[in-house]
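Participant: Pasted the sequence and its predicted model underneath.
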Amino acid sequence: MSELQRPGYGKYNAPPILKFILLLAVVFGFYLRNCSMKSKDKYIKFSNITYQKIDLSSLYVSFEMMNNSNRTGLEKVLIGVYDKDDVLIASKLTDVELQKFKKTKFVRSVEKFSRPIQKNETLDIKIEVFKPSILK
């Protein structure tokens, strides 16, 4: 029995060496991306992290960010609000504008709490550069 093929198109298999080279290129791409994500911690530092104006539906977080590199542009920042037992109450992913070798102050609001915040409750704010993961 013969195979049915479209006219003008032959069956073509890529040589194994080409497949191997493409596989190496993909692995090297993942490695470079991982290295660039890790280097963000070296040149972006957060300081003066405080919260202000707690409402029933929102919390305003103020922080300063120092960029110690010559990179500019938008950077994604993950803001997490934790209670005294280190349980996540709320989180927000937001964009901040990086400027070369400059300390900048930001105020961002966090909404959608997993539970209501009681009065006089101590909260812990953790801010980090968002690092998306391909393989979890």
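Facilitator: Received the coordinates, thanks.
Participant: Burial check on residue 89, number of neighbours?
Facilitator: Number of residues near residue 89 (other CB atoms under 10 Å) recorded here: 19. To be clear about C-beta, it is placed using only N, CA and C from the backbone, and glycine gets the same treatment.
Participant: Let me know the helix or strand that it is in.
Facilitator: Take DSSP states H and E as the rule and residue 89 turns out to sit in strand 88-98.
Participant: and that strand, what does it pack onto?
Facilitator: Packing partners of strand 88-98 (3 or more CB pairs under 8 Å, 6 or more residues apart in numbering; DSSP states H and E): strand 58-67, strand 73-82, strand 103-111.
Participant: Can you dump the C-alpha atoms of the shortest one in PDB for me?
Facilitator: Read it as strand 103-111. Taking Å, rounded to 0.1, in the frame of the first residue of the first chain, the C-alpha atoms of strand 103-111 are listed here in PDB:
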ATOM      1  CA  LYS A 103      15.700  56.400  44.000                       C
ATOM      2  CA  THR A 104      12.000  56.800  43.400                       C
ATOM      3  CA  LYS A 105       9.000  56.800  45.800                       C
ATOM      4  CA  PHE A 106       5.800  55.000  44.900                       C
ATOM      5  CA  VAL A 107       2.400  54.600  46.500                       C
ATOM      6  CA  ARG A 108       0.200  51.700  45.400                       C
ATOM      7  CA  SER A 109      -3.200  50.500  46.700                       C
ATOM      8  CA  VAL A 110      -3.900  46.900  47.500                       C
ATOM      9  CA  GLU A 111      -7.500  45.600  47.300                       C
END
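Participant: Show me what the helix or strand following it is packed up against.
Facilitator: Following strand 103-111 in sequence order, the next helix or strand is strand 124-129 (DSSP H and E). The criterion is 3+ CB pairs under 8 Å, 6+ apart, and the helices and strands that strand 124-129 contacts are strand 44-52, strand 58-67, strand 73-82.
Participant: Can I get the ones you listed in TSV including distance to residue 16 and mean neighbour count?
Facilitator: Below are the helices and strands packed on strand 124-129 laid out as TSV (distance: least, CB to CB, whole Å; neighbours: other CB atoms under 10 Å):
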stretch	distance to residue 16	mean neighbour count
strand 44-52	43	13
strand 58-67	46	18
strand 73-82	40	16
